[in-house]
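Asks: structure for the following, please:
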Amino acid sequence: MQVALEEVLLQRLACKRRAAALRLWEWEDRALVLGSNQVLANEVDLDASAELGFQVVRRMSGGGTMVVEPGRTITYSLYLPEAAVAGISFLDSFALLDGWAVRCLRDLGVPASYRPVNDIVSPRGKIGGAAQARRRGVVLHHTTMAFDMDPGLVRRLIRIGRERVSPRGVRSAEKEVSPLRWFTDLPRAAVVESLVACFAAGHRSAERPLTSDELAEARDLASSKYATQEWIDRFR
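Replies: Numbering: from 1, shown residues only. Down below sits the predicted model:
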């Protein structure tokens, strides 16, 4: 449902039925979120994911596989017109669009910085990673940060450094994870509130709830596309 909403809201922006927006969203289940062009067999240890209760999801954007858990992950999305990144290279746009979050984390005492191409990092490793999709003059930029996570999960669940099963597809990079919990005593909800406040301080904004039509469209798209094995297995 959540990855389906990404496509729905991006399309609404392209059709001028929604304004540019920031959305912070939650995960109900443990999941491994594949990039749109990754090969499932290359990326996921299916035995480990089944044992640990992780479902496999594929998003519309590129990049590597993300490990997400309810209450232990922070995920946000930006839906923007391409004019917001006009004159900026694709690679540089990642730093631009995550810069506000890096500044907010620093204000909370987290030693955060940016590492090209698409990582928010601390001196101890990766806090989060971003991915993008661009369609019809609009940009989806979403970032997942580990708030409270066992770093050892990454190597158990993702086949980083293991032999390819297929020559196709983008591989996830080998990077150490450093959750936000290592650097702050704030509860996750307080960190999320701080992110919202930081963003609002730098942008004219107002809260706008998702509409019943948007939710219904996302449910239909989830059922017909994102929840189907055909989509999840689209690259073998």
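
Asks: adjacent strands (with direction) for the helix or strand hosting Thr143?
Replies: Assessed by DSSP states H and E, Thr143 sits inside strand 138-146. Strand 138-146 sits in its sheet next to strand 73-81 (antiparallel), strand 125-135 (antiparallel), going by DSSP bridges.

Asks: send me the longest one as PDB with only the CA atoms.
Replies: What that stands for is strand 125-135. What follows is strand 125-135 as a C-alpha-only set of coordinates in PDB (Å, rounded to 0.1, in the frame of the first residue of the first chain):
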ATOM      1  CA  GLY A 125      28.500   4.100   9.200                       C
ATOM      2  CA  LYS A 126      25.300   4.600   7.100                       C
ATOM      3  CA  ILE A 127      22.300   6.100   8.800                       C
ATOM      4  CA  GLY A 128      20.100   6.100   5.700                       C
ATOM      5  CA  GLY A 129      19.900   6.000   2.000                       C
ATOM      6  CA  ALA A 130      17.800   7.700  -0.700                       C
ATOM      7  CA  ALA A 131      16.400   6.700  -4.100                       C
ATOM      8  CA  GLN A 132      14.600   8.600  -6.800                       C
ATOM      9  CA  ALA A 133      12.100   8.100  -9.700                       C
ATOM     10  CA  ARG A 134      11.400  10.800 -12.300                       C
ATOM     11  CA  ARG A 135       8.200  10.800 -14.400                       C
END
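
Asks: what packs against the longest helix along the chain?
Replies: Using DSSP state H to define each element, the chain has its longest helix at helix 90-107. Judged by 3 or more C-beta pairs under 8 Å, 6 or more residues apart in numbering; DSSP states H and E, helix 90-107 is in contact with strand 73-81, strand 113-115, strand 119-122, strand 125-135, strand 138-146, helix 188-202. For the C-beta atoms, the positions are set from N, CA and C on the backbone; glycine is no exception.

Asks: rewinding a little: between the strand holding Thr143 and helix 188-202, how big is the angle?
Replies: If you take axes from the mean of the first three to the mean of the last three C-alpha atoms, to 10 degrees, strand 138-146 sits at 150 degrees to helix 188-202.

Asks: got a markdown table for the helices and strands packed on helix 90-107, with mean pLDDT, distance to Arg208 and mean neighbour count too?
Replies: Formatted as a markdown table, these follow (pLDDT from 0 to 100; distance: least, C-beta to C-beta, whole Å; neighbours: other C-beta atoms under 10 Å):
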| stretch | mean pLDDT | distance to Arg208 | mean neighbour count |
| --- | --- | --- | --- |
| strand 73-81 | 98 | 12 | 21 |
| strand 113-115 | 97 | 29 | 15 |
| strand 119-122 | 98 | 26 | 22 |
| strand 125-135 | 97 | 21 | 21 |
| strand 138-146 | 98 | 17 | 24 |
| helix 188-202 | 97 | 13 | 15 |
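
Asks: could I get those in JSON lines, plus columns for distance to Leu221?
Replies: Listed next are the helices and strands packed on helix 90-107 as JSON lines, based on distance: least, C-beta to C-beta, whole Å:
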{"stretch": "strand 73-81", "distance to Leu221": "16"}
{"stretch": "strand 113-115", "distance to Leu221": "32"}
{"stretch": "strand 119-122", "distance to Leu221": "29"}
{"stretch": "strand 125-135", "distance to Leu221": "14"}
{"stretch": "strand 138-146", "distance to Leu221": "14"}
{"stretch": "helix 188-202", "distance to Leu221": "26"}
